[in-house]
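# Structure for this input, please:
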Amino acid sequence: MTTSSSERAERGVSLGMPELPAPGYPDDVRERLERDAREVIARYPDSRSALLPLLHLVQAEEGHVTRTGMQFCADVLGLTTAEVTAVATFYTMYRRRPSGDYQVGVCTNTLCAVMGGDAIFDALQEHLGVGNGETTDDGKVTLEHIECNAACDFAPVVMVNWEFFDNQTVESAKRLVDDLRIGRTVSPTRGAPLCTFKETARILAGFPDERPGAVEAGGSAGPASLVGLRLAKGETAPARVVHPRDGGPHDEPQDKVHEPSPAEHVSSHDAPQDTSASDPAHPAGPTAEEGE
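Numbers count the residues shown, from 1 in each chain. Predicted structure coming up:
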């Protein structure tokens, strides 16, 4: 059975001439990028090791990695465009099509999803009128789901241009994207002040963040994430005693019960939950059935 040309067109199949070479950057842009590229390449004993930061560099120019950007990387590193494309398409931090000033990533991995990440992602899709990886009409926000932000003790977490916005809810996430779209200043929970995606890409290429106070801005993992490090150093935290429910046996009073401060990031999901193991009256499962 043969396939007609119209059927091939409907399926997006092209059997014509290969795609033309990518157009070059304007002379002034290429001169500036070459100067930056030489600085990046000089950091490495093998020039091809500079490919990752150079992809961030060209992404900072146009907001995504274009064919022109990949051709530039190939030229300055002596690589083929196939080698550059293989890397650019492997890492999700490199955008392959135009995207927004703010990349809003919602963690939908296990803990964040259970704590509300799935609900936040679904709500933002409806609120913004975009799907995963799509950009709002005003070019401000690109929405995507992220597998893990490595911030489980702050779940659910949203990242904007790789800066943390912790302990989000559906309503707070909606306010966040609305503020981004109208140009209102928003501050990450921790880390450096927010900047545009192009500015972020240049920083990731290894160039200094020259904004006042950006380098000094702090931010680290939460207490729960650092327990293992403290134990490895031989440090021990005061015991935190959680008494069983009324009616059960109680431990002997402790000399000192550790009362966590707000800075220790204790939230509602630290509370014990009723389960089949802890609630004899409901041996088959949780005390509240799904959907109730």
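
# What ranges does the stretch 51-200 of the chain have for its helices?
Taking DSSP state H, counting those that start in this stretch, the helices of the stretch 51-200 of the chain run over residues 51-62, 67-77, 81-88, 110-112, 118-128, 170-182, 197-204.

# closest to Tyr25 out of these?
helix 67-77 (6.1 Å; CB to CB). C-betas here are computed from N, CA, C, even on glycine.

# what helices or strands is the closest one leaning on?
For helix 67-77, the packing partners by 3 or more CB pairs under 8 Å, 6 or more residues apart in numbering; DSSP states H and E come out as helix 27-41, helix 51-62, helix 81-88.

# any idea which of those helices is most buried?
Mean neighbour count (mean count of other CB atoms under 10 Å) peaks for helix 51-62 among the helices and strands packed on helix 67-77, with a mean of 22.

# outside of stretch 59-75, which residues touch it?
Stretch 59-75 has contacts (CB atoms under 8 Å, 6 or more residues apart in numbering) with 21-25, 29-30, 33, 37, 51, 54-55, 58, 79-81, 83-85, 88, 94-99, 101, 197-199, 201-202, 205.

# ditto for stretch 127-134
Under CB under 8 Å, 6+ apart, the answer for stretch 127-134 is 125, 136, 141-145, 174, 177.

# Centre of the chain to that stretch, how far?
Averaging C-alpha positions (CA atoms, centre = their mean, to the nearest Å) puts stretch 127-134 16 Å from its chain's average.

# Give the buried residues for it.
For stretch 127-134, burial by neighbour count (16 or more other CB atoms under 10 Å) applies to 128, 130, 134.

# related to what we said a few turns ago, redo the helices and strands packed on helix 67-77 as JSON lines? Include distance to Gly105 and mean pLDDT.
Listed next are the helices and strands packed on helix 67-77 as JSON lines, based on distance: least, CB to CB, whole Å; pLDDT from 0 to 100:
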{"stretch": "helix 27-41", "distance to Gly105": "26", "mean pLDDT": "94"}
{"stretch": "helix 51-62", "distance to Gly105": "16", "mean pLDDT": "95"}
{"stretch": "helix 81-88", "distance to Gly105": "19", "mean pLDDT": "93"}
